[in-house]
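Trainee: when you get a sec, could you give me coordinates for this:
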Amino acid sequence: MSAHRPRVLVIDDEPQIHRFLGPALEAAGYEPVRADDAAEGLAAIASRAPDAVILDLGLPDMDGKQALIRARAFYDGPILILSARDREVEKIEALDHGADDYLEKPFGVGELLARLRVAMRHRLKQIGAAPVIRAGDVEIDLIKRLVTRGGEPVRLSPREYDLLAKLAEGRGRVLTHHQLLTSVWGPANVDDVQYLRVFIGHLRQKLEVDASSPRRIITEAGVGYRFISD
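Mentor: Model prediction:
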């Protein structure tokens with residue numbers, strides 16, 4: 001597919017939350033992904049590369065703040081906290097540990113969706129990326145997850161898109177093999193440099209005028225890659 005719905009991972013052990021949030025996220029144009037505890041959620045962050053995470057603090061296998069700390073070690077997307085805990089110190093600690101926002105249960109779905117949109121916009125601004133990045137005849141829409149070349153959609157796999165978006169968000173900075181592998185594939189894959197090269201090759205075939213002499217996705221030998229935009 002050339003366009004992908006933004007993927008939102010919901011980590012919560014309450015089935016009713018998933019029954020409530022899943023359809024609401026679907027209706028709002030997101031792809032919901034379910035995890036019922038911290039271990040499953042952290043694995044999903046690493047393997048599914050969500051565009052945002054909604055994290056409950058009251059999980060059965062680990063305190064949500066600890067899960068937040070572990071997630072922030074390798075994930076830099078928006079994380080919204082859900083909790084029935086109403087103490088201010090809980091909110092402050094979650095925000096200090098890297099949460100983008102905090103909602104108390106019970107909450108309205110309209111407010112949650114609004115805060116999710118704001119968090120996603122803020123995260124793009126924090127990393128210095130415009131919502132649409134242009135490189136020659138290539139356009140990458142980071143909100144719609146849509147890539148076009150010469151005005152025509154480019155068919156990318158979800159993983160190819162995630163890698164391209166990460167490179168494009170770097171605004172010409174060198175991103176190391178470790179950074180790319182960790183953020184796109186998760187910390188268990190930090191040594192799979194050859195795997196990364198294969199995906200870079202796929203992107204060059206689809207986006208470069210001459211894949212053998214790339215002008216957009218540049219190799220920094222022994223270090224990583226950089227994306228050159230307009």
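Trainee: low-confidence regions, the protein specifically.
Mentor: Filtered on pLDDT under 70, the chain yields the residue ranges 1-4, 85-86, 125-130.
Trainee: can you give me the strands for it?
Mentor: 7-11, 31-35, 52-56, 79-83, 101-104, 132-135, 138-141, 146-149, 152-153, 175-176, 217-220, 224-227 (DSSP state E).
Trainee: with distance to Q205 and mean neighbour count added, can I get the ones you listed in JSON lines?
Mentor: Bear in mind the C-beta positions are built from the backbone N, C-alpha and C, glycine included. As requested, the strands of the chain are arranged in JSON lines below (distance: least, CB to CB, whole Å; neighbours: other CB atoms under 10 Å):
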{"stretch": "strand 7-11", "distance to Q205": "25", "mean neighbour count": "25"}
{"stretch": "strand 31-35", "distance to Q205": "26", "mean neighbour count": "19"}
{"stretch": "strand 52-56", "distance to Q205": "30", "mean neighbour count": "25"}
{"stretch": "strand 79-83", "distance to Q205": "34", "mean neighbour count": "24"}
{"stretch": "strand 101-104", "distance to Q205": "39", "mean neighbour count": "16"}
{"stretch": "strand 132-135", "distance to Q205": "15", "mean neighbour count": "16"}
{"stretch": "strand 138-141", "distance to Q205": "13", "mean neighbour count": "20"}
{"stretch": "strand 146-149", "distance to Q205": "12", "mean neighbour count": "20"}
{"stretch": "strand 152-153", "distance to Q205": "15", "mean neighbour count": "11"}
{"stretch": "strand 175-176", "distance to Q205": "20", "mean neighbour count": "16"}
{"stretch": "strand 217-220", "distance to Q205": "11", "mean neighbour count": "15"}
{"stretch": "strand 224-227", "distance to Q205": "15", "mean neighbour count": "22"}
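Trainee: got those strands as a markdown table, with distance to L42 columns?
Mentor: Compiled in a markdown table, the strands of the chain are given as follows (distance: least, CB to CB, whole Å):
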| stretch | distance to L42 |
| --- | --- |
| strand 7-11 | 8 |
| strand 31-35 | 8 |
| strand 52-56 | 10 |
| strand 79-83 | 12 |
| strand 101-104 | 20 |
| strand 132-135 | 29 |
| strand 138-141 | 28 |
| strand 146-149 | 28 |
| strand 152-153 | 33 |
| strand 175-176 | 22 |
| strand 217-220 | 30 |
| strand 224-227 | 25 |
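Trainee: closest one to A73 among these?
Mentor: strand 79-83 (12.3 Å; CB to CB).
Trainee: so what touches that closest one?
Mentor: Applying CB atoms under 8 Å, 6 or more residues apart in numbering, the contact partners of strand 79-83 are 12, 17, 52-58, 64, 68, 71-72, 90-91, 94, 98-105, 107, 112, 115-116, 119.
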